[in-house]
Structure formats: C-alpha cells, structure tokens
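**Student:** Return a 3D structure for these sequence lines:
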Amino acid sequence: MVTQEQRKRQLAREKFLRQQQRRTAARRKARVRNSVIASVLGVILVGSLALYTSGVMKDDDKANASSETSPSAAPTSKAPDPCDKAAPGKVKTETWKKEPAMSIDKSAKYTLDLATTCGKIDIALKASAAPHTVNSFDFLAGKGYFDHTKCHRLTTNGIYVLQCGDPTGSGSGGPGYTIPDENLKDKSLKSNVYPAGTVAMANTGQAHTGGSQFFLVYQDSQLPPSYTPFGTISQSGMKVLKKIAAAGESTGAGDGAPNATVVINKATVTKS
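**Tutor:** Below is the predicted model of the structure:
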C-alpha cells in the first residue's frame, strides 16, 4: 500500500516531469521560432543588401551619366538648299527721280527671263495690258538693276508667293520712282484670286505705289485686285518656283526669307 508520503513524492515527480516537458516543448518552439526568424532575417538582409547594391549601382549609373559629357542632340536641320551659289557681282544702288519715258512697243511681245541660282524662270509679259509696268521692267533690266539681287520673301500660309526686286533685300527698297497700277480687271483675276503662275507688282497698300518689287504666285492666292498683274510664268519656270517654295521659309510662321538662296544672277527683257 502506497503511503501518503510516497504519494506526495510521486505527485511532485509527475509535476516536475510535466514542467520539464513544457520547458522542453517551449525550448523546441523557441528554437523553431528563432530558426524561422533567423531565416526571415536572412532573407530580408540578403534582399536589403541586394536592393541596396542595385540601388547604389543605379545611382552610380545616374551619377556617371550626369558626370559624363554626352553629345547634345543635333539641331533639326532644314532641307538642303536646292539652289547654286550666286554668280560673282555686286548689286547696283542707282535710283531715278521719275518713271522712265515710254519706249516699248505696246503691240509687241516681251519676255522677262530671270536667270536665278535655282534655275531659269521665264515670264511672258503683258505689254498691251500693263505698258507702264513692262516699260519700267525693260528699263530697269537694261540697267542691270535686278542683277545679283536676292528674292527676300516667301509666304507659305494664306497666300503663296515669292517676292523679289528689292536691291536692299529688306522689302523697303525701290528705284526711286513709282508707276501707276494697271490691268486690275484682268480676266485671270476671278473671285479675288491671283492664280498660280501670275507675276504681279508689290506695293505699299496705297494706289499707284508700285516700284521694282514684284511677286511670283506659285499657288492660287486670295488677294484683292490691287496688284498689277503683268506677266505669266512658263511651265518650266513654275517647276523652279515650286522647288523654291518646297524648301520653305526661315521663320516657320509662313512668312519670311526663303530657305532656298534665291538670287537673280541676271534679268533680261527681250522683245519678240
């Protein structure tokens, strides 16, 4: 028979064993937990190192990229100049006080040949319809007034013209005299449109202020009938004019100096 004292010792031993089992289980759990934590920390540490390393490399790359001198993007270049170099010679600056005396035959046919750096532009002149204008051109061409002058203006928006005839190249030059407006009711001017191929006089916007500046229309242009139409460009001349227009103008706004270097090497008026 188990005595009371033996029973107490047995209970104490069982209690101790249970405590030991709990402690062992607790230590086992702790070891597992610590192992998991260590593994997680290891992953985190490795990941952090990887992120740090890659981050530093990227930052180094950025730093290197910023410190290195990289070639700047080349500026957008305009289309190649379709024209040749101008012939040697100087622009004449002579002016006259009054319109030249009438010397052309109004019933004859006249042509204006513009030998330009971009090609030859032939123009059939309207002597009978615009005698003062044709007479003035005959006079000025005979004096070499247009030779070596640059066509200073190209419009590519709204109206489509190449403007020439100013020795100063500024748009304000002239021969010193003015001529009357003519042929403003020309049959070609329909619905206030100057058709492609027309050659007309430029002016200040006031009546009878034409001088030496003129414009060549390369595409139908809506304009009031205020500019003397005095010639028509040949088909071959139109090809040259369209080549000039295709090169564009310098401002990008539709009205400026042509990108093509258009110089009139020689202007000749011929009677036929």
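
**Student:** Am I right that L140 is in a helix?
**Tutor:** Yes: counting by DSSP: H, G, I helix; E, B strand; the rest coil, L140 is located in a helix.

**Student:** okay but it is in contact with P175, surely?
**Tutor:** Yes: counting by C-beta atoms under 8 Å, L140 touches P175, with 6.2 Å between them. All C-beta spots, glycine's among them, are computed from the backbone N, C-alpha and C.

**Student:** For those two, list the residues in contact with both.
**Tutor:** Common contacts of L140 and P175 (C-beta atoms under 8 Å, 6 or more residues apart in numbering): S212.

**Student:** and P180, what does it touch?
**Tutor:** H132, H208, G210.

**Student:** tally of neighbours for the last one?
**Tutor:** To tie it back to what came earlier, the one meant is G210. Residues near G210, counting by other C-beta atoms under 10 Å, number 27.

**Student:** just checking, what packs against the host helix or strand of T232?
**Tutor:** Assigned by DSSP states H and E, T232 belongs to strand 229-233. If contacts are counted by 3 or more C-beta pairs under 8 Å, 6 or more residues apart in numbering; DSSP states H and E, strand 229-233 sits against strand 119-125, helix 131-142, strand 198-201.

**Student:** surely A267 meets D113?
**Tutor:** Yes: contact criterion C-beta under 8 Å: A267 and D113 qualify, at 7.2 Å.

**Student:** Not counting sequence-adjacent ones, nearest residue to L125?
**Tutor:** Closest residue to L125 apart from its sequence neighbours, by C-beta to C-beta, 6 or more residues apart in numbering: Y110 at 4.2 Å.

**Student:** May I have the beta-bridge partners of that neighbour?
**Tutor:** Counting by DSSP bridges, Y110 is bridged to L125, K271.

**Student:** Next one: it from V134, what distance?
**Tutor:** Computed as C-beta to C-beta, to the nearest Å, the Y110 to V134 distance reads 6 Å.
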